[in-house]
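> Below are the sequence and a predicted model; questions follow.
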Amino acid sequence: MNCKDVKKYLSDYIDGLLHSGMKEDFESHLTHCSECRTLVEDVKAIQKETLRIKIPELNPYMFQKIKYRVENETQPSPFRVLYRFAMGMSFILIAIGLSLYFFRPSYRFAGRSKDLYIIKEEQSGYQFPVYTVEGNYVLTSYQGGTF
């Protein structure tokens, strides 16, 4: 058994849950390794001290008060639900606003920046989004093409 195994089975050893073969290996390692022996002694001392701590008795009035609150507050109030919903929506809207402000989409065509223009036909009033790529205007409608 090595130091890693001692740390792995330390709790079982202290609680007396190791079978006889592992217990013998564990104790033989402790006779040769002072670091592990100190670790076991420290854990046993901590366990001994924690057993000396007295658990205070629960006030019966406090128990009844806690029990009453747990039993009667199973459903949150409608105001609390509405408040949580409103806060969640406000955080979502703030996150969307900040992401739109800081992470504006960059229009790239084949790795190069391009400018976006909107061209409006005088007769029909239809608007076409157009980009410039290396000095050429590229129409972005479903028809495609350049002009």
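Nice, I can see it. All values reported here derive from a predicted model rather than from experimental measurement.
> From now on I want contacts and neighbour counts done on CA atoms only, so please keep to that.
OK.
> the domain parsing of the chain - what is it?
3-52, 108-139 (automatic domain parsing).
> among the ones you listed, which gets the worst mean confidence?
Note on these: lowest mean pLDDT is at domain 108-139, with a mean of 60.
> Alpha carbons only: can I get the helix or strand that contains V43 in CSV?
Per DSSP states H and E, V43 falls inside helix 34-52. What follows is helix 34-52, C-alpha atoms only, in CSV (Å, rounded to 0.1, in the frame of the first residue of the first chain):
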residue,chain,number,x,y,z
SER,A,34,5.8,8.9,9.3
GLU,A,35,3.8,11.4,7.1
CYS,A,36,0.8,9.0,6.8
ARG,A,37,1.1,8.1,10.5
THR,A,38,0.9,11.8,11.4
LEU,A,39,-2.1,12.2,9.1
VAL,A,40,-4.0,9.3,10.7
GLU,A,41,-3.2,10.7,14.2
ASP,A,42,-4.4,14.2,13.2
VAL,A,43,-7.7,12.9,11.8
LYS,A,44,-8.3,10.8,14.9
ALA,A,45,-7.6,13.8,17.1
ILE,A,46,-10.0,15.9,15.0
GLN,A,47,-12.7,13.2,15.3
LYS,A,48,-12.2,12.9,19.0
GLU,A,49,-12.6,16.7,19.4
THR,A,50,-15.7,16.8,17.3
LEU,A,51,-17.3,14.1,19.4
ARG,A,52,-16.8,16.3,22.5
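> The helix or strand just after it - contacts with which helices or strands?
Remark: after helix 34-52, the chain's next helix or strand is helix 60-72, criterion DSSP H and E. If you count contacts as 3 or more Cα pairs under 8 Å, 6 or more residues apart in numbering; DSSP states H and E, helix 60-72 packs onto no helix or strand.
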